[in-house]
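Engineer: Mind folding the following:
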Amino acid sequence: MRDLSALPKGHLHVHLDAAARPETIIELARDQGVAPPRLSGFTNFDEFIKSFFALLEVTSSPAALRRVIDESVADAKRDGVRYLELGINPAFRAEVFGSVEAALETILDQGMLSAEKHGVSLGFNLTIDRMAGYDQSIATARLAAHYADRGITTIGLANEERGFPVTDFRDAFRIARDAGLGIAPHAGELVGPESVRSSLEVGSTRIQHGVRAVEDPRLIEKLADEAVCLDVCPTSNVVLGVYESIENHPLPQLLEAGVRCSINADDPTLFANSVTSEYELGRSTLGLSDHLLAACAWASIDCSAAPEDVKAAAKRDIDGWLTNDL
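Structural biologist: Next up is the predicted model:
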């Protein structure tokens, strides 16, 4: 059986603030004399979000933030990740660092150091908070554009999807697109196909989650025809109640319809997973062949913002992984 941790891959849907090792969170909480955040047992999105923001409190110091970044990149290397794109929102840390810019520059600086140290190509998805309002979305887009040559590769959109459609942020995405950034909002997770359609209207190059598109056959056909990549996170979708079980997850159906999908961990700290464990679920529970898993890895590289030389080497090695004798 081929080793899935050795399969070259991109990891395109993972949030820095929930990518810390659980043991690191427990250690940091102990050092600060506080109770560690709840790391499991969520029954809905609201409970999950509370724990997500509790993680921010524990990793608020510059030293803790730098440690989490470095360990996240090291973990990506262990999982065979050639290109890692971390979702970030430095506004969450503005109070501690003194400004959004100061927090972002610390993240970018440590990212560059860790990428070189561990030999992983790294980019950042600067994420708009859906619930922070129009003006904040414009400020985030302008910040992303300003740092486009410093490691910001993509602009995203996260937090509560219900009541906050992607098209509300059309102006922000236009600013980012004009700066040459990719567009990858969260959509089609808590809201159905209409959320995915609105993502296409704003020029999304990838969609984080997007799985609810499966409810609309014409939309699936459109995604396949336009080669839009869905950054799929099976365990996340089950833990947060989008699907009842991994067995019910539509990833096989999406792939069968020709939709490009990457496989991702989303929030490893809170879901007790990794990108490799998600590929393993794809094989063991969803019945995906190694050829389909390699196709997901190929999409995760081809649809990423990785440098062309990184893409070429990873694609060559994906082919090599697939052709190796068992």
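Engineer: Relative to Ile138, how far out is the closest residue to Ala91 other than its chain neighbours?
Structural biologist: Nearest non-adjacent residue to Ala91, counting by CB to CB, 6 or more residues apart in numbering: Val100, 5.1 Å away. All C-beta spots, glycine's among them, are computed from the backbone N, C-alpha and C. Going from Val100 to Ile138 by CB to CB, to the nearest Å gives 13 Å.
Engineer: returning to what we had before: let me know whether the residue nearest to Ala91 touches His146 as I believe.
Structural biologist: No: using CB atoms under 8 Å, Val100 is not in contact with His146; the gap is 11.0 Å.
Engineer: Show me which of these two is the more surrounded one.
Structural biologist: Set Val100 next to His146 and count neighbours by other CB atoms under 10 Å: Val100 wins out with 18 against 13.
Engineer: Tell me who's in contact with the more buried one.
Structural biologist: Pro90, Ala91, Ala94, Leu143 (CB atoms under 8 Å, 6 or more residues apart in numbering).
Engineer: dump the residue contacts of the residue nearest to Cys229 when sequence neighbours are not counted.
Structural biologist: Sequence neighbours aside, Cys303 is the residue nearest to Cys229 in space, at 3.8 Å (criterion: CB to CB, 6+ apart). Contacts for Cys303 (CB under 8 Å, 6+ apart) come out as Gly10, Leu12, Thr205, Arg206, Ala227, Cys229, Arg260, Ser262.
Engineer: now swap in Ser137 and tell me
Structural biologist: Ile128, Asp129, Phe169, Asp171, Ala172.
Engineer: same check, this time on Thr43
Structural biologist: Per CB under 8 Å, 6+ apart, neighbours of Thr43: Gly241.
Engineer: Could you report the distance from it to Asp178?
Structural biologist: Thr43 is 41 Å from Asp178, by CB to CB.
Engineer: what does Arg162 give?
Structural biologist: 29 Å.
Engineer: Tell me which stretches of the stretch 101-250 of the chain form helices.
Structural biologist: Applying DSSP state H, counting those that start in this stretch to the stretch 101-250 of the chain gives helices spanning 134-146, 170-178, 193-201, 217-226, 234-239.
Engineer: Any chance you could list what contacts the lowest-mean-pLDDT helix or strand in the chain?
Structural biologist: Between all helices and strands in the chain, the lowest mean by mean pLDDT, DSSP states H and E belongs to helix 45-58, at a mean of 91. Contacts with helix 45-58, where a contact means CB under 8 Å, 6+ apart, come from 15, 17-18, 20, 25, 28-29, 32, 34, 36-39, 42, 64, 92-93, 159-160, 190, 239-241, 267, 269-270.
Engineer: if you set the cut-off to 7 Å instead, what comes out?
Structural biologist: 17-18, 20, 25, 28-29, 32, 37-39, 42, 92, 190, 240, 267, 269-270 (CB atoms under 7 Å, 6 or more residues apart in numbering).
Engineer: burial count for the nearest residue to Gly258 once chain neighbours are set aside?
Structural biologist: Using CB to CB, 6+ apart and skipping residues adjacent in sequence, the residue nearest Gly258 is Ala224, 3.8 Å away. Ala224 has 15 neighbours, counted by other CB under 10 Å.
Engineer: and Ala224, how far is that from Val214?
Structural biologist: In terms of CB to CB, Ala224 sits 12 Å off from Val214.
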